[in-house]
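Colleague: Mind looking at a prediction? Sequence and model below.
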Amino acid sequence: MGTVFSFDLRDPVTPPVRRALNEAMAWLHHVDEVFSTYRPGSAISRLGRGEPVPERYGPDVSEVLALCEEVAHTTGGWFSHTPGGRLDPSGLVKGWAIERVSRMLYAAGAHNTCVNGGGDIRLRGEAAPGTPWRIGIAHPARPGELAAVVTGRDLALATSGTAERGPHILDPHTGEPATALASLTLTGHDLTRTDAYATAAFAMGARARDWVEALDGHEGMGITAAGEIWRTPGFPVADEAGP
């Protein structure tokens, strides 16, 4: 999926947990095979060209495209899995895959975990008994610095921005890159939707703050292209970076 995944487990790695880790890695390779827009032979690339999708991939493709339609409706069209007229559900797939992996590990007995896929994160349990997880949010304009530190338990965290790939999220209404924000971080309790909502909110630009404040079960932090930072009232920030 064009990024790095990591697993941080704070429980003993029992045989069932190790099996679940192996299954999780196999699942992520499967997701890449099905949904990678970098692979011309992936199922999603083939579907985008109007070619048939192998039957064994059908259920996953159907599930993801149905979720994309749901999120597009919820966001008033600000989320799109056909940006620029090209089939690309990447704004939802990564969160969907990480959420599934996190559930696999939990079912195997790993109840205190952090699964990170390119900055989209699913936290379960605690970092240590009585200690919540702490996740740094990189400042998009100051390499090596943090804009804030998020703290929480059983939390989904997704960030969309320009720091790693430059302007790449399209405004689905104009087809042009969204540039009003430099970074948008969203928290929730299900990474599938939190990831997709973060993409949509980033595309909204100046409209994002009001939309996130009205979004049940989610909180957000935005950094504008001019460097101004805003947060919704319930955003779980522990402290801020800087002097």
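Modeller: Looks like it came in fine.
Colleague: Return the helix or strand in this protein with minimum mean pLDDT.
Modeller: Here the helix or strand of the chain ranked lowest by mean pLDDT, DSSP states H and E is strand 237-239, holding a mean of 78.
Colleague: contacting residues for the one residue sitting closest to the centre of the chain?
Modeller: The chain has residue 195 as the residue nearest its centroid, 3.3 Å off, counting by Cα atoms, centre = their mean. By Cβ atoms under 8 Å, 6 or more residues apart in numbering, the contact set of residue 195 is 91, 92, 94, 95, 96, 98, 120, 156, 158. (Each C-beta comes from the backbone N, C-alpha and C, glycine too.)
Colleague: pLDDT at the second one, what is it?
Modeller: Among the per-residue scores, residue 92 shows a pLDDT of 96.
Colleague: Just after whichever strand or helix holds residue 198, pick out the following helix or strand.
Modeller: Per DSSP states H and E, residue 198 falls inside helix 191-204. With elements assigned by DSSP H and E, the helix or strand that comes after helix 191-204 is helix 208-213.
Colleague: Figure out how far the very next helix or strand once past that following helix is from the centre of its chain.
Modeller: Heading C-terminal from helix 208-213, the first helix or strand you meet, by DSSP H and E, is strand 219-224. The chain centre lies 15 Å from the centre of strand 219-224; the measure is Cα atoms, centre = their mean, to the nearest Å.
Colleague: Likewise for stretch 212-228?
Modeller: 15 Å.
Colleague: try stretch 87-97
Modeller: 8 Å.
Colleague: now the strands: where do they sit in the protein?
Modeller: For the chain, strands defined by DSSP state E occupy the ranges 5-9, 113-117, 120-124, 133-138, 146-152, 156-161, 181-188, 219-224, 229-231, 237-239.
Colleague: so where's the chain uncertain?
Modeller: Along the chain, the parts satisfying pLDDT under 70 run over 1, 163-166, 239-243.
Colleague: Let's see that with 50 instead.
Modeller: 240-243 (pLDDT under 50).
Colleague: Angles on the backbone of residue 54, please.
Modeller: Here the main-chain torsion angles of residue 54 (degrees, to the nearest 10) amount to phi -50, psi 140.
Colleague: can you count the residues close to it?
Modeller: 10 (other Cβ atoms under 10 Å).
Colleague: That one and residue 88: what is the separation?
Modeller: Separation of residue 54 from residue 88 (Cβ to Cβ, to the nearest Å) stands at 19 Å.
Colleague: Let's see if you can find the most crowded of the contacts of residue 195.
Modeller: Neighbour counts for these, by other Cβ under 10 Å, peak at residue 158, which reaches 32 neighbours.
Colleague: now that residue: how far from residue 138?
Modeller: For residue 158 relative to residue 138 (Cβ to Cβ), the value is 13 Å.
Colleague: Report the contact partners of residue 194.
Modeller: With contacts defined as Cβ under 8 Å, 6+ apart, the neighbours of residue 194 are 95, 156, 157, 158, 186, 187, 188, 218.
Colleague: These into CSV, with extra columns for distance to residue 32?
Modeller: Compiled in CSV, the contacts of residue 194 are given as follows (distance: Cβ to Cβ, whole Å):
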residue, distance to residue 32
95, 15
156, 21
157, 22
158, 19
186, 24
187, 26
188, 24
218, 27
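Colleague: nearest to residue 39, of those residues?
Modeller: Comparing the contacts of residue 194 against residue 39 with Cβ to Cβ places residue 95 closest, at 19.7 Å.
Colleague: Now residue 112. Nearest residue, chain neighbours left out?
Modeller: Spatial nearest neighbour of residue 112, excluding adjacent residues (Cβ to Cβ, 6 or more residues apart in numbering): residue 125 at 3.3 Å.
Colleague: Now do the contacts for the nearest residue to residue 153 once chain neighbours are set aside.
Modeller: Nearest non-adjacent residue to residue 153, counting by Cβ to Cβ, 6+ apart: residue 132, 5.1 Å away. The contact partners of residue 132, by Cβ under 8 Å, 6+ apart, come to 126, 151, 152, 153.
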